[in-house]
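Trainee: Quick check, what structure comes out for this input:
(2 chains)
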Amino acid sequence: MKPEALLHPTPAGLFCPLGKFHVDPVRPVERALITHGHSDHARAGHGKVLATRQTLDIMALRYGEDFTRSEQAAEWGEVIDVDGVSVHFHPAGHVLGSAQIAIERDGLRIVVSGDYKRGVDPTCAPFQPVPCDVFITEATFGLPVFHHPDPKAETRKLLASIRQFPERTHLVGAYSLGKAQRVIRLIRDCGYDKTIFIHGALAKLCDYYVSQGIELGELRPATIEKKDPSAFHGAIVVGPPSAFQDRWARRFNEPLISFASGWMMVRQRAKQGGVELPLVISDHCDWPELLETIREISPQEVWVTHGREEALVRWCELQGLPAKPLHLVGYEDEGD
Amino acid sequence: MKPFATLLDRLVLTPSRNGKLTLLTDYFRSTPDPDRGYGLAALAGTLDLKAIKPALLKELALEKLDPVLFQYSYDYVGDLAETISLIWDGGEKEHVGEAEQPRLGDVVHRMNSLGRTEVRAAVRDLLDQLDHSSRFAFLKLATGSLRIGVSARLAKQALAEMSGPDGLKKDVTEIETLWHGLEPPYEPLFAWLEGKAQKPVLATPAIFHSVMLANPVEEGDLDKLNPDDYAAEWKWDGIRVQMSSFGGTKKLYSRSGDDISGAFPDVIEAINFEGVVDGELLVGGTARSNSATRTFSDLQQRLNRKTVNTKMLEDYPAFVRAYDLLFDRDEDIRARNYLQRREELAEVIEKAPHDRFDISPLIDFQSWSQLDQLRLAPPDPVIEGVMIKRRDSVYQAGRLKGPWFKWKRDPFNIDAVMMYAQRGHGKRSSYYSDFTFGVWAEGEGGAEQLVPVGKAYFGFTDAELEVLDKFVRDNTVERFGPVRSVRAEPGFGFVLEVAFEGINRSTRHKSGVAMRFPRISRLRMDKLPRDADRLVTLTALVDAKGGGE
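Mentor: Numbering: from 1, shown residues only, chains lettered A, B, ... in the order given. Below is the predicted model:
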């Protein structure tokens, strides 16, 4: 069987005709397998959803309990038969509950990695390499310029800045699922034990992480209780980056805008966004990690989904490894 | 290298002056000699480092990376030094920890001691050992393109800050007095600032001496002053300079002490006196040679250049209109009074080449109202107001209130319509605080339409900013990234009174005019956009003052 017969791209996303299911579809479908809870991968309105328990919980938190008619939770490594196609889920190390999905039939195995990373992250299960014939990889940071530094060293920059500018409120932009909780955890691991203030958009997800055994320390909503902005002098406030351009940010004292993202590697990106303190903390692989993962799995073929496909495809070609871009649409490559 | 690299990373992204000052002060306090001295030199533009050509860097990068992948990377990042700093993989030699990385001082010594054939291997080796942010700093230094928005003056201000707590701080003018007599890595300077050594003694007086500045005339200021105590001169629209000449060393400094001699060989070569002269650098001819002084936009052709070609020298000849004399030969005469210094100055200038030097004439006046009339109708378009100087004033560095005043021509004013708004930076990042404004002009088919004529981001109060920001948010028509276009129709929109210092023709602006120093002076909520000015009003201003291209 040709791999394209088992799985191929369609406008709705990757489709398996034998099992009649889509992976991370960008529009409502009958049956969806979801890698993780980010909104560009996990959308509401599918007939049936198969995902990890944590991903299902996150979807319910974001979209309400009725986000699908029928949900099924996959255990790590459990082989599930979907209309004669075997599927199994393995940790991807991206955010809490994130999975790679292996799809198998007649001895041919394709692994859809979803978004993944190899770096240490105490807020989710680490990536597990799964041998396969076709490895489908993301390429969000698929350019040789991306080398993500040690996230703890980046976090220490934030703490150093608070010592340097003790009167300024440090607003740390971080996407509300995954990055925010990871950044808070990193700040704690670097020895900061004061209250961290969070934007309202983060509350439910932070509570959920805590319920899953991930300690985040004392968190308080970033609301002004007595109309006293001095309460936020030298404080850390974590929120979605979009909030900092909004009137919401005015309550703080001389806010210093920080942003935790792999994109912060490139200075112009930081400058354009008005970011004073970029923190290069990413939930995706950097370039060396992408290459290392492909070498380690050594599949027969590599398919590249969203991101900077052309550079990664070029690298595979230089290694004599067949590779092609899938040109899937609908996945935000900015969401890190 | 690491502390300097970290400093650069922060400075590039810190918009506020005070924030930069804190970062610089901390750097000077916490970094050891000689590294901090070389860091200071890099910021102040006095670091002499063997230059590396971009072509060599690219070759080194291509030893490491496939050319196609390099091109993808370069296209994405857009800056060669940054691309190379990011793609470089030092392998085992790369030191992540700060302690193991080469220090800035070591890098400077190593680079400057290299023979021509050793450069390639040494650069490769250094790139291997540094981490990405230090690589970036090194490449920026070595390619000579450190653009981080820090002036030499700000770096010196930080030196003053580091010298002690309030009250014990050294004065920045004292640092500037020493500055040009010292060289990187400035160890005696730091030792003095930290109270560990005496003030350094300079070998030659041919250095920059901090200039005396004037305060603007404010409402009611002159009522208290007797015109008989003051002399007046025209305020020329060039740049303030200081000429310093001793024992064959001739220098031209800008007001802030930057050495601009290289760009003005015509002036330097003509200096035939010894001493220190304060004056205005202008383009055109001196009064003594009976030719016209040319506009500031002509002078701009000569500014911000390291070197200058023959054609430039012919087309835009520079000269100095002298205001004051600080040193007569090696005698410091700053403690004498203004009129005495003018007498000495007149003697010096009299013997100096006629085509390169003249003296700024005194204005004859009896009363402030008479001077006011002269100010409003000056005899030369390159005059931007009058200077008022106490006859008995000594030459004191800094901006003291009382001895000297500047009384500028009123700035130009127009009523314009807000067209676009952009979010500000730092403190203002949640406000729409950068405004593009336009005036009416005849468009295609004869219909009146707004054409943008400028952009302003200050002049208003915080309370006014709230009003402006609310208008932008409530009346957005379209968004382009951080920019919003707002409703601007004859019967609905926001009229801004814009004040500006001057106006020139410009081929780079769609409207054909460019304002100097525009700011929002008033919110005209009493006016409708249809009452705003028309483009012809602006072009008439250009024609009236004879502005060139």
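Trainee: in the worst-scoring helix or strand of chain A on mean pLDDT, what counts as buried?
Mentor: When each helix and strand of chain A is scored by mean pLDDT, DSSP states H and E, helix A:267-272 comes last, with a mean of 84. Across helix A:267-272, burial judged by 16 or more other CB atoms under 10 Å in any protein chain shown covers A:267, A:269-270. Heads up, the C-betas are built off the backbone N, CA and C, glycines and all.
Trainee: Put together a markdown table for those, with distance to B:Y230 on each row.
Mentor: Formatted as a markdown table, the buried residues of helix A:267-272 follow (distance: CB to CB, whole Å):
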| residue | distance to B:Y230 |
| --- | --- |
| A:R267 | 51 |
| A:R269 | 55 |
| A:A270 | 52 |
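Trainee: residues near B:A137, how many?
Mentor: B:A137 is flanked by 27 other residues according to other CB atoms under 10 Å in any protein chain shown.
Trainee: quick one: it from B:S245, how far?
Mentor: Per CB to CB, to the nearest Å, B:A137 is found 37 Å from B:S245.
Trainee: Repeat that for A:G37.
Mentor: 73 Å.
Trainee: and the stretch 51-200 of chain B, which residues reach chain A?
Mentor: Applying CB under 8 Å from any CB of the partner chain, we find that the stretch 51-200 of chain B lies next to chain A at B:65-66, B:68-70, B:72-73, B:76-79, B:82-83, B:86-87, B:89, B:96, B:131-132.
Trainee: Same question for the stretch 401-549 of chain B.
Mentor: So the stretch 401-549 of chain B meets chain A at B:423, B:425-427, B:429-430, B:482 (CB under 8 Å from any CB).
Trainee: ok, 6 Å please
Mentor: Those residues of the stretch 401-549 of chain B that sit near chain A, judged by CB under 6 Å from any CB of the partner chain, are B:425, B:427, B:429-430.
Trainee: Just say helix, strand or coil for A:L50.
Mentor: Secondary structure for A:L50, judged by DSSP: H, G, I helix; E, B strand; the rest coil, is strand.
Trainee: residues touching it, list them.
Mentor: When contacts are counted by CB atoms under 6 Å, 6 or more residues apart in numbering or on different chains, A:L50 is found next to A:33, A:72, A:74.
Trainee: Most neighbours among those residues, which one?
Mentor: Busiest of the contacts of A:L50 [other CB under 10 Å] is A:L33, holding 29 neighbours.
Trainee: what's near enough to touch that one?
Mentor: With CB under 6 Å, 6+ apart, A:L33 has these contacts: A:21, A:23, A:50, A:101.
Trainee: And for the second one, nearest residue in space, chain neighbours not counted?
Mentor: It refers to A:V23. What sits nearest to A:V23 in space, not counting adjacent residues and going by CB to CB, 6 or more residues apart in numbering or on different chains, is A:L14, at 4.3 Å.
Trainee: The one you found pairs with what?
Mentor: Taking DSSP bridges, one obtains A:P9, A:V23 as the residues bridged to A:L14.
Trainee: domains of chain B?
Mentor: For chain B, automatic domain parsing gives the domain ranges B:215-408, B:412-545.
Trainee: In terms of mean pLDDT, which of the ones you listed ranks lowest?
Mentor: Mean pLDDT is lowest for domain B:412-545 out of the domains of chain B, coming in at a mean of 87.
Trainee: residues in chain A within reach of chain B, list them.
Mentor: Close to chain B, as judged by CB under 6 Å from any CB, chain A has residues A:143-145, A:249-250, A:254, A:257, A:266, A:270, A:274, A:276, A:311, A:314, A:318.
Trainee: Now the two most distant members of these.
Mentor: A:R250 and A:L318 (51.0 Å; CB to CB).
Trainee: For the residue in the stretch 1-150 of chain A that chain B sits nearest to, give its distance to B:K235.
Mentor: Of all residues in the stretch 1-150 of chain A, A:V145 sits closest to chain B, at 3.8 Å by CB to the nearest CB. As judged by CB to CB, A:V145 and B:K235 stand 51 Å apart.
Trainee: who has more neighbours, those two?
Mentor: The neighbour comparison of A:V145 against B:K235 (other CB under 10 Å) goes to A:V145, with 26 against 23.
Trainee: Nearest residue to the more buried one in space, ignoring adjacent ones along the chain?
Mentor: Per CB to CB, 6+ apart, closest to A:V145 is B:L86, 3.8 Å.
Trainee: what does the helix or strand harbouring that neighbour rub up against?
Mentor: Applying DSSP states H and E as the criterion places B:L86 in helix B:80-87. Outside helix B:80-87, the residues that touch it by CB under 6 Å, 6+ apart are A:144-145, B:54, B:57, B:61, B:65, B:73-74, B:77, B:132, B:135-136, B:139-140, B:143.
Trainee: Could you tell me how many residues sit around residue 207?
Mentor: In the absence of a named chain, chain A is used. A:D207 is flanked by 13 other residues according to other CB under 10 Å.
Trainee: let's do chain B instead
Mentor: For B:I207, using other CB under 10 Å, the count is 23.
Trainee: Equivalent analysis for A:E154, please.
Mentor: A:E154 has 22 neighbouring residues, counting by other CB under 10 Å.
Trainee: before we move on, what about B:R116?
Mentor: With other CB under 10 Å as criterion, B:R116 counts 7.
Trainee: For it, give its distance to chain A.
Mentor: 30 Å (CB to the nearest CB, to the nearest Å).
Trainee: State the distance from the residue of chain B found nearest chain A to B:V308.
Mentor: Closest to chain A within chain B is B:L86: 3.8 Å, counting by CB to the nearest CB. Distance of B:L86 to B:V308, computed by CB to CB: 36 Å.
Trainee: Those two: who's more crowded?
Mentor: B:L86 (24 against 17).
Trainee: related to what we said a few turns ago, can you list the residues of the stretch 401-549 of chain B next to chain A in TSV and add neighbour count, secondary structure and distance to B:D324?
Mentor: Formatted as TSV, these follow (neighbours: other CB atoms under 10 Å in any protein chain shown; DSSP: H, G, I helix; E, B strand; the rest coil; distance: CB to CB, whole Å):
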residue	neighbour count	secondary structure	distance to B:D324
B:H425	19	coil	39
B:K427	19	helix	39
B:S429	21	coil	44
B:S430	23	coil	47
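Trainee: Could you check which of A:G37 and B:S245 is surrounded by more residues?
Mentor: Neighbour count, other CB under 10 Å: between A:G37 and B:S245, A:G37 has more, with 28 against 21.
Trainee: Would you mind measuring the gap between the ends of stretch A:127-142?
Mentor: The first and final residues of stretch A:127-142 sit 18 Å from each other (CA to CA, to the nearest Å).
Trainee: Give me the residues contacting it.
Mentor: With CB under 6 Å, 6+ apart, stretch A:127-142 has contacts from A:3, A:90-93, A:102, A:108-113, A:115-116, A:118, A:262, A:284, A:286, A:296-297, A:299-309, A:311-312, A:333.
Trainee: Those in strands, which ones?
Mentor: A:90-91, A:102, A:108-112, A:301-307 (DSSP state E).
Trainee: among the residues you listed, which two are most distant?
Mentor: A:L108 and A:G307 (25.2 Å).
Trainee: burial measure for B:A335, as a count.
Mentor: B:A335, neighbours per other CB under 10 Å, totals 10.
Trainee: Check B:F458 too.
Mentor: By other CB under 10 Å, 11 other residues sit near B:F458.
Trainee: show me the contacts for it.
Mentor: Per CB under 6 Å, 6+ apart, neighbours of B:F458: B:R519.
Trainee: Three-state assignment for it, please.
Mentor: Quick answer, by three-state DSSP: B:F458 is coil.
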